[in-house]
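Asks: coords please:
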Amino acid sequence: MRIGELARRTGVSARALRYYEEQGLLSPERRPSGYREYGEHDVRAVHGIRTLLAAGLGSAVIAEILPGLPGPGERRPGPTCPELLDGLAVERARITETIRELESARSLLDAITAAPDPGELISAPGPSIATPRSAAPPVRRARRRS
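Replies: Down below sits the predicted model:
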C-alpha cells in the first residue's frame, strides 16, 4: 500500500509517516518510481509508535523498543524481552520523576495563589515547599493592548 492508504488506515498524516521514516521507526520498500510501499506490518508498527508516543516516549527510545514489541497475538510464552522491559522501566522512572517535579511546582503555585499576600511569599528567602530540580520555562505574559 502507498503512504496515503497507510495514513487512512492508521489515522496518521502522511507527513507524520515520513517523519517516522526519517527517525528510523518505519522502513518502507521503495518502488522503482520512488514511491514508498508499506505492508501490514507497517500498520501494526504505526499503532505501536502512536501508543508509545502517547505513553511519553521519544522517537529515539521508540526506535530501540519497537523491534522488541510482539504484534497482537504474537506473544510467545515465557518472559518478554528483558531489554524491552528494562527500557520501559527506565522511561517509566523518568516519567514518574517528571510527574513529581510537576506536582511540586503545582503545590508551590497553589501556595502562592492561596497566600493572603503572594508577593511576600514570592520574595521570601526560600520557599517552604520543595521546588522542582529543573527550572521550568518562564511564563509568557500576554501583552496588554493599548
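Asks: pLDDT weak spots in the protein?
Replies: 70-81, 124-146 (pLDDT under 70).
Asks: Spell out for me which residue occupies the centre of it.
Replies: Nearest to the mean C-alpha position of the chain, counting by Cα atoms, centre = their mean, stands residue 56 at 2.7 Å.
Asks: Just confirm that one contacts residue 88, I think it does.
Replies: No - in this structure, residue 56 is not within contact of residue 88 by Cβ atoms under 8 Å, at 11.1 Å. Quick note: C-beta positions are derived from backbone N, CA and C, even for glycine.
Asks: what's the overlap in contacts for those two?
Replies: By Cβ atoms under 8 Å, 6 or more residues apart in numbering, residue 56 and residue 88 have no common neighbours.
Asks: returning to what we had before: what sits against the residue nearest to the centre of the chain?
Replies: For residue 56, the contacting residues are 91, 95, by Cβ under 8 Å, 6+ apart.
Asks: State the distance from it to residue 123.
Replies: The gap separating residue 56 from residue 123 is 35 Å, by Cβ to Cβ, to the nearest Å.
Asks: Also residue 6?
Replies: Applying Cβ to Cβ to residue 6 and residue 123 gives a distance of 56 Å.
Asks: Same check on residue 64?
Replies: Residue 64 is 46 Å from residue 123, where distance means Cβ to Cβ.
Asks: Figure out the length between the terminal residues of stretch 11-26.
Replies: End-to-end distance of stretch 11-26 (Cα to Cα, to the nearest Å): 16 Å.
Asks: Name the residues that touch that stretch?
Replies: With contacts defined as Cβ under 8 Å, 6+ apart, stretch 11-26 is touched by 3-4, 6-7, 10, 27-28, 36, 38, 42, 45-46, 49-50, 59-60, 62-63, 66.
Asks: Okay then, goodbye and thanks.
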